[in-house]
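> for reference, the sequence and a predicted model appear below.
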Amino acid sequence: MKRIQHNLNSQSLITLAGTVGVGKSTLTNALSGALGFKPAFEKVDGNPYLEDYYDDFKKWSFHLQMYFLAERFKQQKQMHEEGLGYVQDRSIYEDVGIFAKLQYDQGNMTNRDYDTYRSLFEAMVMSPYFPKPDVLIYIDGSFESIIQRIQSRGREMEINTPDKFWSDLYFRYQEWIGTFQECPILHLDIDHYDCNDVDSIKEIVKSLETLQRNKDLNYLKLT
Ligand SMILES: Nc1ncnc2c1ncn2[C@@H]1O[C@H](COP(=O)(O)OP(=O)(O)O)[C@@H](O)[C@H]1O
Ligand SMILES: Nc1ncnc2c1ncn2[C@H]1C[C@H](O)[C@@H](COP(=O)(O)O)O1
């Protein structure tokens, strides 16, 4: 995406949130390019636990969460050292508030493991490496469109996972965003923007500017 003019603070941290397959990485790419910010992606290739996790949640949930936490920490540290002006693909808040909690609630993580995980998370977010995002872009859409995207992206481990897991995740996201208070939220619907369309990206940027200008505004939905 070509650079566009904007008035956002050049040291902003814009974090994208949303369920698997909704379009975070794609928008991270388009938006970081348009703003001239750096992208910080969530790496899937090379994750040593992900395939095993999808095969056996009970056996691998704790390992996978620890791995993601370590990766997020390294990413935050790098962003801190390089200076902000970042678009980040997924927030750490989703790891703990959605993924780990889902597996704990479903009996796939023991109390002991969940407590250890949470205390490490709490210690990390209190460190100077974890500034709160300036804004969280929450990407939403219909369940059917999201399932279609998971299918068309074609990661085998995800395609072979029953829809029940995706619908549990989907409904947890809807609940979670209603309670999220760490920073202002820009709420997008995948049927209402197109990453390849410069006018669509300009509209998103305008909304980000509105949120940054109006300190009392905590929520904006683009319809
Ligand atoms: N705006 C869009 N319009 C159409 N397809 C999209 C759009 N954004 C993402 N996709 C497609 O949906 C799939 C999932 O997108 P991705 O960005 O990888 O999602 P996430 O990072 O949230 O898991 C990919 O195949 C991608 O090409
Ligand atoms: N914290 C997490 N726990 C379990 N699984 C996770 C976590 N964070 C990401 N994932 C999985 C979900 C997807 O299969 C891949 C990548 O996520 P995506 O939303 O496609 O960027 O990792």
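Cool, got the structure. Numbers count the residues shown, from 1 in each chain. Ligands and ions are numbered 1, 2, ... in the order given.
> thought Pro184 was touching Arg213?
No. Counting by C-beta atoms under 8 Å, Pro184 sits too far from Arg213 to count as a contact (11.0 Å). Just so you know, the C-beta spots here come from the backbone N, C-alpha and C atoms, and that holds for glycine as well.
> neighbour count winner among the two?
The neighbour comparison of Pro184 against Arg213 (other C-beta atoms under 10 Å) goes to Pro184, with 20 against 10.
> what residues are up against the more buried one?
Shown in contact with Pro184 (C-beta atoms under 8 Å, 6 or more residues apart in numbering): Asp134, Val135, Leu136, Leu211, Leu217, Asn218, Tyr219, Leu220.
> now swap in Thr28 and tell me
With contacts defined as C-beta under 8 Å, 6+ apart, Thr28 is in contact with Leu16, Pro39, Ala40, Phe41, Val87, Gln88, Asp89.
> filter the contacts of Pro184 down to the ones close to ligand 1.
The subset of the contacts of Pro184 within reach of ligand 1, by C-beta under 6 Å from any ligand atom, is empty.
> how about those residues in a markdown table, adding secondary structure, distance to Thr110 and pLDDT?
Shown next, in a markdown table, are the contacts of Pro184 (DSSP: H, G, I helix; E, B strand; the rest coil; distance: C-beta to C-beta, whole Å; pLDDT from 0 to 100):
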| residue | secondary structure | distance to Thr110 | pLDDT |
| --- | --- | --- | --- |
| Asp134 | coil | 36 | 97 |
| Val135 | strand | 36 | 98 |
| Leu136 | strand | 30 | 98 |
| Leu211 | helix | 40 | 97 |
| Leu217 | coil | 42 | 97 |
| Asn218 | coil | 36 | 97 |
| Tyr219 | strand | 36 | 98 |
| Leu220 | strand | 40 | 98 |
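> skipping its backbone neighbours, what lies nearest the residue positioned nearest the centre of the chain in space?
Among the residues of the chain, the one closest to the centroid is Arg90, at 2.0 Å (C-alpha atoms, centre = their mean). Excluding the flanking residues, the one nearest Arg90 by C-beta to C-beta, 6 or more residues apart in numbering is Glu42, at 4.8 Å.
> Gln78 too?
That would be Ala40: by C-beta to C-beta, 6+ apart, it lies 7.9 Å from Gln78.
> now do the contacts for that neighbour.
Thr28, Gln75, Gln78, Met79, Tyr86, Val87, Gln88, Asp89.
> go on, Gly107?
By C-beta under 8 Å, 6+ apart, Gly107 lies in contact with Lys58.
> and it, what helix or strand is that in?
Secondary structure assignment for Gly107, by DSSP states H and E: no helix or strand.
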